[in-house]
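> okay, predicted coordinates and the sequence, questions at the end:
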Amino acid sequence: MSDLEQVIEELIRFRNERDWEQFHNSKDLAIAISIEANELLEQFLWKKEEGADRERIKEELADVFLFGLLLVHKHGFDLKEILLEKIRINAEKYPVSKSKGSAKKYDQL
Ligand SMILES: [Mg+2]
């Protein structure tokens, strides 16, 4: 079992022990990802980067990933496959020849 499969198994055990699957529809999981992403943003609000609390950053980042994993599991996606596929798509959108050193969006390259 890969490390990632182990994490998902532990996460599903945590969820099932609390009978929370009933609340985990796709819409609410997507909303939860967004809320946790905003909690992550909050760690940086009105601070310089070095002023943000690393422990809180870790916690909120983990929350984002955990809700993401619940959505991955719900839809039976292969996480490694969808991540590698998206990197491939991004590589097409952002060819090195046009995007190296540039922060422009792909449609403005
Ligand atoms: Mg949180």
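Sure thing, it's come through. Residues are numbered from 1 along each chain as shown.
> now the helices for the chain?
Ranges of helices within the chain are 3-17, 26-42, 54-75, 79-93, 96-99, based on DSSP state H.
> quick one: name the residues of the chain near the ion.
Residues of the chain found near the ion (CB under 5 Å from the ion) are 36, 39, 60, 63. Every C-beta, even on glycine, is put in place using the N, C-alpha and C of the backbone.
> which one of these is nearest residue 28?
Closest approach between those and residue 28, by CB to CB: residue 36, at 12.3 Å.
> low-confidence ranges in the chain?
When residues are selected by pLDDT under 70, none of them lie in the chain.
> just want the most central residue of this structure.
The residue lying closest to the centre of the chain (CA atoms, centre = their mean) is residue 65, at 4.2 Å.
> measure the residue located most distally from the centre of the chain to residue 109 for me?
The centre of the chain is farthest from one residue, residue 97, which by CA atoms, centre = their mean lies 28.2 Å away. From residue 97 across to residue 109, the span is 9 Å (CB to CB, to the nearest Å).
> re earlier: are any of the residues of the chain next to the ion buried, and which?
Buried members of the residues of the chain next to the ion, counted by 16 or more other CB atoms under 10 Å: 36, 60, 63.
> what is the nearest of the residues you listed to the ion?
Closest approach to the ion among those (CB to the ion): residue 63, at 3.9 Å.
> wait, doesn't the closest one sit right on residue 39?
Yes - contact criterion CB atoms under 8 Å: residue 63 and residue 39 qualify, at 6.8 Å.
> related to what we said a few turns ago, how far away is the residue farthest from the centre of the chain from the ion?
Distance, residue 97 to the ion, using CB to the ion, to the nearest Å: 40 Å.
> intersection of neighbour lists for residue 97 and residue 109?
Overlap between the contact sets of residue 97 and residue 109, as judged by CB atoms under 8 Å, 6 or more residues apart in numbering, is nil.
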